[in-house]
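**Student:** Test case, fold it:
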Amino acid sequence: MERFENKTIGVLMGGLSAERDISLTTGKEIHAALQRKGLNSVMIDVDRNIAMTLQKEKIDLAFIGLHGTCGEDGTIQGLLETAGIPFTGSGVLGSAIAYNKVTSKMIFNHEGIPTAPYRVLTDRDQPASPLQLPVVVKPADQGSSLGISIVKNKNEWPAALDLARRYSNEILVEQFIDGKLLAIGMNSGQPLPIVEVRPKSGFYDYESKYTVGKTEYICPADLSEGEKETCRAVAVQVTRALKGRGFPRVDVILSADGVPYVLEMNTIPGMTPTSLLPMAAKQAGMEFDELVLAILKTALLDHPFN
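**Tutor:** Residues are numbered from 1 along each chain as shown. I've put the predicted structure just below:
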């Protein structure tokens with residue numbers, strides 16, 4: 001705690017993406033926790049003038065509570081690097097490669113990390129799915145399940161494609177994998193207790209993620225010891241391959257035959273009342289305020305105070 005005394009911590013929140021509302025909630029929760037810890041924290045709503053705002057606020061460290069484009073994709077990280085301000089979460093490269101689902105998939109395949117078969121669409125004229133149905137259609141660079149659809153019959157294809165293209169020109173089509181949806185939070189390279197996610201609608205969409213009561217969470221997940229070890233091992237592999245730093249979260253689908261198909265790594269997991277990382281940390285004995293402080297400390301791993 002001593003190292004943060006007389007320092008100003010800027011909580012970067014809001015931002016320019018479609019996940020702005022969730023980021024505002026995340027940022028407010030982080031700011032409140034820092035204040036309860038007696039630290040000097042200021043909330044900064046990120047907009048196009050963020051470079052000037054950082055100069056004005058004269059922060060010593062940035063706690064990134066942003067989600068989506070211009071928050072998780074390496075852009076704000078690059079600005080902070082240039083300004084010499086230590087920040088939480090992954091660095092520029094790690095953020096960029098993890099945020100783009102296609103790039104992540106390419107790395108997964110290269111590293112032998114299990115992931116669902118996929119195709120990438122850039123041509124707007126795509127009359128049918130390039131993979132056998134059912135498939136999952138999603139924007140290549142978006143979070144919070146925005147723009148995602150499960151296509152079970154050919155009549156659903158056009159609407160799914162239109163929805164995904166509202167968010168990105170690059171569309172990822174994945175083979176649908178039936179299994180348990182698991183979230184594996186990481187603490188500086190070590191897995192936290194696994195959270196099993198059971199949306200009551202059957203689809204973990206935006207509403208299921210952020211509406212209390214819409215999803216059942218089991219932590220620790222109802223898995224055999226062998227399944228837990230397999231999932232933990234792949235989460236460590238993903239974190240290393242995508243250059244994750246601090247407290248990222250790896251999401252997988254564990255199939256009936258025990259294969260953990262990796263969906264993605266989230267470099268800045270949500271910190272809302274329904275978020276998965278705080279849930280896993282609590283199961284490990286780390287209350288919310290302690291988790292926030294632990295994340296804050298990781299900002300100094302690569303960029304200690306001068």
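
**Student:** could you pull out the strands for the stretch 101-250 of the chain?
**Tutor:** 118-121, 135-139, 149-151, 171-175, 179-187, 190-191, 195-199, 215-218, 249-255 (DSSP state E, counting those that start in this stretch).

**Student:** can you tell me how far Met186 sits from Ala284?
**Tutor:** The gap separating Met186 from Ala284 is 11 Å, by C-beta to C-beta, to the nearest Å. Yep, even glycine has a C-beta here, placed from its N, CA and C like the rest.

**Student:** Who has more neighbours out of the two?
**Tutor:** Met186 (24 against 15; other C-beta atoms under 10 Å).

**Student:** hang on, the earlier thing: relative to Pro273, which of the strands of the stretch 101-250 of the chain is closest?
**Tutor:** Between Pro273 and the strands of the stretch 101-250 of the chain, the shortest gap by C-beta to C-beta is with strand 215-218, which sits at 11.7 Å.

**Student:** Show me what stretch 104-113 is in contact with.
**Tutor:** 97-98, 114-115, 118, 172, 234, 237-238, 241-242, 262, 264-265 (C-beta atoms under 8 Å, 6 or more residues apart in numbering).

**Student:** mind redoing it with 7 Å?
**Tutor:** Ile97, Ala98, Thr115, Tyr118, Val234, Gln237, Val238, Ala241, Leu242, Val262, Glu264, Met265 (C-beta atoms under 7 Å, 6 or more residues apart in numbering).

**Student:** Could you check the pLDDT of the residue positioned nearest the centre of the chain?
**Tutor:** By C-alpha atoms, centre = their mean, the chain has its centre lying nearest to Asn266, at 2.3 Å. With respect to pLDDT, Asn266 has a value of 95.

**Student:** residues shared between the contacts of Met186 and Ala284?
**Tutor:** Contacts common to Met186 and Ala284, judged by C-beta under 7 Å, 6+ apart, are Leu192.

**Student:** rewinding a little: any chance of the strands of the stretch 101-250 of the chain in a markdown table, with distance to Ile76 and mean pLDDT too?
**Tutor:** Shown next, in a markdown table, are the strands of the stretch 101-250 of the chain (distance: least, C-beta to C-beta, whole Å; pLDDT from 0 to 100):
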| stretch | distance to Ile76 | mean pLDDT |
| --- | --- | --- |
| strand 118-121 | 26 | 94 |
| strand 135-139 | 20 | 93 |
| strand 149-151 | 29 | 92 |
| strand 171-175 | 24 | 95 |
| strand 179-187 | 21 | 96 |
| strand 190-191 | 26 | 96 |
| strand 195-199 | 27 | 91 |
| strand 215-218 | 29 | 89 |
| strand 249-255 | 19 | 97 |
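
**Student:** Name the spans of this protein whose pLDDT lies under the cut-off.
**Tutor:** Scanning the chain with the threshold set as pLDDT under 70 gives 1, 143-144, 201-212, 301-306.

**Student:** What ranges does it have for its helices?
**Tutor:** 20-36, 50-57, 75-83, 92-99, 101-111, 157-165, 206-210, 225-241, 276-283, 288-298 (DSSP state H).

**Student:** Please name whichever of the ones you listed is nearest to His67.
**Tutor:** Using C-beta to C-beta, the helices of the chain put helix 20-36 closest to His67, at 4.7 Å.

**Student:** quick one: contacts for Lys56?
**Tutor:** Taking C-beta under 7 Å, 6+ apart as the definition, Lys56 has no contacts.

**Student:** can you do 10 Å?
**Tutor:** Ile44, Asn49 (C-beta atoms under 10 Å, 6 or more residues apart in numbering).
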